[in-house]
Structures are given as structure tokens and as C-alpha cells.
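**Q** would you be able to build a 3D model of this:
(one chain, ligands or ions: 2)
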Amino acid sequence: MDLITKSVKGTQDVLPKESYKWQFIEGIMRQEAQAHSFKEIRTPVFEHTELFQRSVGDTTDVVQKEMYTFNTKGEDSITLRPEGTAGSARAILEHGVYNDGYPIKAYYFTSCYRYEKPQKGRLREFHQFGMEVYGAASCFADAEVICAADSIFKRLGVKGLRLELNSIGCPTCRASYHKALKTYFEGYKDKLCDTCLSRLEKNPMRILDCKSPICSEIAAGAPTVLEYICDDCRDHFEGVKKCLDAVGIVYTVNPKIVRGLDYYTRTVFEFVATSIGAQGTVCGGGRYDGLIEELGGQHTPSLGYAIGIERLLLLLESQGVKIPDAPTCDLYIAGLGEAAQLKSFGLVKQIRASTLSAECDIVGRSLKAQMKYADKIGAKFSIVIGDSELESDKAQLKNMRTGEKIEISLGDSFFNEFYNVYIASQFVSQ
Ligand code: ATP
Ligand code: MG
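**A** Numbering: from 1, shown residues only. Ligands and ions are numbered 1, 2, ... in the order given. A predicted model of the protein is given here:
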């Protein structure tokens with residue numbers, strides 16, 4: 001029985017009294033995406049397992065240890081998406097969106113699923129906002145998405161985030177880096193974990209983001225990728241830095257960032273906070289020039305990033321960033337008796353047909369209890385309707401903040417009269 005009222009480990013509910021925080025953050029993200037002409041993409045919560053094996057990479061922690069994979073009744077292997085890029089890249093390809101011309105700019109809000117050890121800032125179901133560009137090779141594209149993420153954090157009032165930047169090169173320069181890494185890690189063969197031992201041959205770069213303490217200690221002394229990147233990749237990286245310098249975005253080059261997903265090439269970046277403990281990376285992204293090709297399409301230089309929304313919320317809370325209060329009810333109409341209740345019901349309907357909000361009693365409260373409720377929900381105005389109000393078709397409109405009362409018609413001009421008083425009060429409160 002207990003199970004019925006317990007959420008699954010590593011999942012979180014967003015309750016009605018908290019959802020305004022999510023909506024506020026999401027609103028800023030949408031605004032920023034629109035300012036950069038990105039359009040929303042929505043893809044299914046599950047995909048064929050093979051899609052993630054191909055794109056995220058089958059030597060990554062995500063694919064090897066963290067995916068929620070199951071067989072359907074038709075025996076297909078299905079995986080709950082661990083991230084948002086693979087699904088949108090698949091959709092872009094499947095629907096030939098590239099026929100509309102490049103660049104394709106898309107943003108998404110997704111829930112993601114990873115079988116990880118739940119802790120602060122690390123969940124099994126979490127949410128990401130992401131921005132993606134397909135078909136843009138220039139360093140200006142890298143700078144554009146970095147600027148967009150930076151701007152979201154600034155608009156939200158987040159302080160002290162560090163932008164860390166690196167280039168992990170292209171498949172050509174990666175070959176010599178892999179060789180250097182292999183030579184280095186072979187010296188520690190007896191100490192590496194089993195997963196990393198198997199990565200040594202196939203993809204030694206993945207050892208760099210192994211979470212096991214021994215592997216990470218060994219990885220700390222490994223050669224860094226920046227020493228191995230080719231001239232083209234170096235020029236691109238210099239270009240990205242130049243663009244960021246031009247608009248005053250501060251970054252530090254961290255040659256140790258390699259990112260946990262295989263599809264990354266060239267630029268990789270993270271926004272890191274120091275104030276929320278070990279899970280300090282609130283945003284991760286970079287280029288994935290080979291991804292579309294890997295999925296069977298034509299060479300399409302692409303890039304993007306994702307922000308972890310739960311981590312961002314933790315960060316905002318830890319910094320005491322004020323999120324504007326949830327909007328409260330504009331008008332509460334209390335009714336005494338059935339006829340008054342019916343009248344109230346019709347009047348709130350009129351208010352609701354505008355952009356304003358209104359409530360009347362739907363639980364059968366006494367008049368006193370209705371007024372108490374109007375107070376509790378922070379209604380901006382209230383009206384009480386009883387027999388005499390019904391008879392005169394007039395009532396007192398009360399400004400709940402100032403206590404001021406004004407007579408208002410309950411007839412045809414009700415909405416217009418209320419609206420005028422409401423708008424006037426908005427000017428006063430500014
Ligand atoms: P980490 O190194 O912390 O595991 P990651 O490199 O796996 O992060 P990405 O795949 O780049 O993360 O995802 C982008 C963002 O999504 C992260 O920066 C983080 O904010 C968020 N995120 C990733 N995994 C989780 C999780 N399990 N719970 C909550 N947020 C997460
Ligand atoms: Mg991870």
C-alpha cells in the first residue's frame with residue numbers, strides 16, 4: 001500500500017504552489033529563444049534504443065549505465081530519452097526539415113531519464129531546456145548559443161557562474177589525442193575500473209569523465225586535448241573566443257572539459273556554479289558536427305546546449321534570487337444563497353473571458369468562510385452579493401489592499417466598470 005503514495009526514487013513532484021517558479025524560468029527561456037529566432041520542437045519521451053547508442057555513444061556512462069531501456073510487447077527495444085538532442089536530430093532528419101533551409105534553430109523543454117544515484121541536483125527524472133542549431137559551421141553560431149544561455153542566466157539574476165570553454169577537436173585530430181591517452185592510461189591498467197579498461201581500446205577519452213574516484217585521480221594527470229587539436233579546429237576555437245570577447249562574455253578555458261556524450265566535436269562548454277555543491281554544472285553544450293551524418297544524413301555542422309532546470313532552481317534558491325510571486329486572483333465574488341451564487345457564477349465567467357481572473361465559491365462555504373478564503377488567496381478585489389444586491393443589481397467593489405469601496409453595477413456594464421477600477425488600481429500600485 002505504501003508504494004501507492006510514494007513517488008519513485010529519484011523523481012520529484014512540482015506542486016501547484018511551486019509551479020510558478022518553473023513557469024517564470026520557462027517564460028524567460030522562451031523569450032530568449034524567441035529573441036534569437038529559435039522555434040520549439042517537441043519529440044516523444046521514448047525512442048528506439050539504437051538512436052541513443054549511435055548518437056550519445058555506446059561507451060558513454062549514459063548508454064552503458066544510465067538508460068531506462070525496455071522491450072515493448074512487440075519486442076522492440078525502447079529507451080526513455082536520457083537527453084534532448086538525439087530525438088530532435090532524429091526528427092529533423094526524419095521530416096527533412098533541412099529542406100526549409102539552414103540554419104535550423106530549435107529549442108526544447110524535455111523530461112530526461114537517467115538511472116543515476118539520486119542526490120542533491122542529481123535525479124532519475126529531471127528536466128532540460130535546450131537550444132540547437134543545425135547547419136551552421138561558423139564560430140558565430142557557437143558564440144550565438146553561448147550568448148543565449150548566458151543571457152538567460154543574466155535575465156534570471158544568477159550570479160557567480162563560470163563559463164568554461166574548451167575544444168575537443170574533430171575526428172582527424174582526435175586520432176592522435178586518443179593515441180596519447182592510450183599510452184598514458186596503459187601505465188595505469190591495473191588501477192582503472194572495469195568499464196574504463198574496456199574503454200581503453202574503444203574510446204579512451206571516455207575515461208576522462210569516469211566518476212570513480214580512482215579513475216578521476218588518474219585522469220587528472222592525463223594529456224589534455226587542446227595540445228592535440230589541428231589548425232582548423234584551433235582557428236575555429238580562436239574565432240569563438242574572439243566573438244565572445246567582442247560582446248564582453250567572460251570565460252575561462254578549461255582544457256579538462258570533454259563532456260559525457262560522444263557526439264561532441266570542437267567547442268564544448270559548461271556554465272558552472274560553485275554555490276550548489278558537487279552538482280554545480282547547470283548547463284552543458286557544444287558542437288556536434290558529425291551527429292546528423294552518424295544518423296544517416298548529410299554532413300551538417302550542428303551545436304547546442306542544455307540547462308538542467310532542477311539544478312538551476314537549486315542555484316536560484318541558494319543565491320536568494322527573487323522569483324516574482326505567482327499571479328493572484330483579480331476578483332473574488334462571494335454569494336449568499338442560491339440566487340446570489342448563480343449570479344456570481346455568471347459574473348466570474350464574464351471576467352474570465354477577458355485576461356483577468358476571478359473566483360466564486362465552489363465548495364459550499366458560508367459567507368464568512370468565503371471572505372476568509374478571498375483573503376487567503378490574495379484576491380485583489382472582492383464583491384459580496386446577497387438579496388439586496390440582487391434586488392438593486394448593484395454591489396460594493398472592495399479593493400482588498402486599500403479597503404476602499406466603490407459601487408459597481410451587476411448589470412450589462414459590470415465588466416467595463418470593474419475593468420476601469422482595476423486598471424486605475426494598477427497605476428496606483430506602480
Ligand atoms: P553531470 O556531469 O553532472 O552528470 P552531464 O554531463 O551528464 O552532467 P549533460 O548530459 O550535459 O549533463 O546534461 C546537461 C545538464 O542537465 C547538466 O548540466 C545538468 O544541469 C543537467 N543534468 C544532467 N544529469 C542530471 C541529473 N541526473 N539530474 C538533474 N540534472 C541533470
Ligand atoms: Mg551525467
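**Q** hmm, who's touching the helix or strand Tyr20 falls within?
**A** Counting by DSSP states H and E, the element that carries Tyr20 is helix 19-35. Residues from elsewhere that reach helix 19-35 (CB atoms under 8 Å, 6 or more residues apart in numbering): 14, 39-40, 107, 109, 129, 131, 148, 151-152, 155-156, 307, 309, 312-313, 316, 323-327. All C-beta spots, glycine's among them, are computed from the backbone N, C-alpha and C.
**Q** what residues sit buried inside it?
**A** By 16 or more other CB atoms under 10 Å, the buried positions in helix 19-35 come out as Tyr20, Lys21, Trp22, Phe24, Ile25, Ile28, Met29, Glu32, Ala33.
**Q** Lys256: neighbour count?
**A** Residues near Lys256, counting by other CB atoms under 10 Å, number 14.
**Q** could you look up the SS state of it?
**A** Judged by DSSP: H, G, I helix; E, B strand; the rest coil, the three-state class of Lys256 is coil.
**Q** quick check: closest non-adjacent residue to it.
**A** Closest residue in space to Lys256, ignoring its immediate chain neighbours: Thr224 at 6.4 Å, by CB to CB, 6 or more residues apart in numbering.
**Q** next, the contact list for the residue of the chain found nearest ligand 1, please.
**A** At 2.2 Å from ligand 1, Gly308 is the closest residue in the chain, using CB to the nearest ligand atom. Neighbouring residues of Gly308 by CB under 8 Å, 6+ apart: Gly121, Phe126, His127, Gln128, Thr281, Val282, Cys283.
**Q** repeat that for Pro255.
**A** Asn166, Thr224, Val225, Leu226, Glu227.
**Q** pLDDT at it, what is it?
**A** Confidence at Pro255, expressed as pLDDT, is 89.
**Q** cool, the one 10 residues further on as well?
**A** pLDDT recorded at Thr265 is 93.
**Q** one more: Ala278?
**A** pLDDT, Ala278: 73.
**Q** and it, helix, strand or coil?
**A** When classified by three-state DSSP, Ala278 comes out as coil.
**Q** where does pLDDT dip in the stretch 201-350 of the chain?
**A** By pLDDT under 70, the stretch 201-350 of the chain has no low-scoring segment.
**Q** now do stretch 148-159, average pLDDT.
**A** Averaging pLDDT along stretch 148-159 gives 97.
**Q** can you give me how far it is from the chain middle?
**A** 13 Å (CA atoms, centre = their mean, to the nearest Å).
**Q** buried residues, it. List them.
**A** Buried residues in stretch 148-159, counted by 16+ other CB under 10 Å: Ala148, Ala149, Asp150, Ser151, Ile152, Phe153, Leu156, Val158.
**Q** separation between the fifth one and Leu93?
**A** If I follow you right, that is Ile152. 28 Å (CB to CB, to the nearest Å).
**Q** can you check the last one too?
**A** Plainly put, Val158 is 35 Å away from Leu93 if you go by CB to CB.
**Q** around ligand 1, pick out the residues from the stretch 151-300 of the chain.
**A** Applying CB under 6 Å from any ligand atom, we find that the stretch 151-300 of the chain lies next to ligand 1 at Gly260, Leu261, Gln279, Thr281, Val282, Cys283, Gly284.
**Q** picking up where we left off before, and the contacts of Gly308, which of them are buried?
**A** Gly121, Phe126, His127, Gln128, Thr281, Val282, Cys283.
**Q** just to revisit the earlier point, CA atoms only: put the helix holding Tyr20 into PDB for me.
**A** The C-alpha trace of helix 19-35 is given here as PDB (Å, rounded to 0.1, in the frame of the first residue of the first chain):
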ATOM      1  CA  SER A  19       4.900  25.700 -10.300                       C
ATOM      2  CA  TYR A  20       5.000  29.400 -10.800                       C
ATOM      3  CA  LYS A  21       8.800  29.300 -10.300                       C
ATOM      4  CA  TRP A  22       9.100  26.800 -13.200                       C
ATOM      5  CA  GLN A  23       6.700  28.900 -15.400                       C
ATOM      6  CA  PHE A  24       8.800  32.000 -14.700                       C
ATOM      7  CA  ILE A  25      12.000  30.300 -15.700                       C
ATOM      8  CA  GLU A  26      10.400  28.700 -18.700                       C
ATOM      9  CA  GLY A  27       9.000  32.100 -19.700                       C
ATOM     10  CA  ILE A  28      12.400  33.700 -19.700                       C
ATOM     11  CA  MET A  29      13.900  30.800 -21.700                       C
ATOM     12  CA  ARG A  30      11.100  31.100 -24.300                       C
ATOM     13  CA  GLN A  31      11.700  34.800 -24.600                       C
ATOM     14  CA  GLU A  32      15.400  34.300 -25.100                       C
ATOM     15  CA  ALA A  33      14.800  31.600 -27.600                       C
ATOM     16  CA  GLN A  34      12.400  33.900 -29.500                       C
ATOM     17  CA  ALA A  35      14.900  36.800 -29.400                       C
END
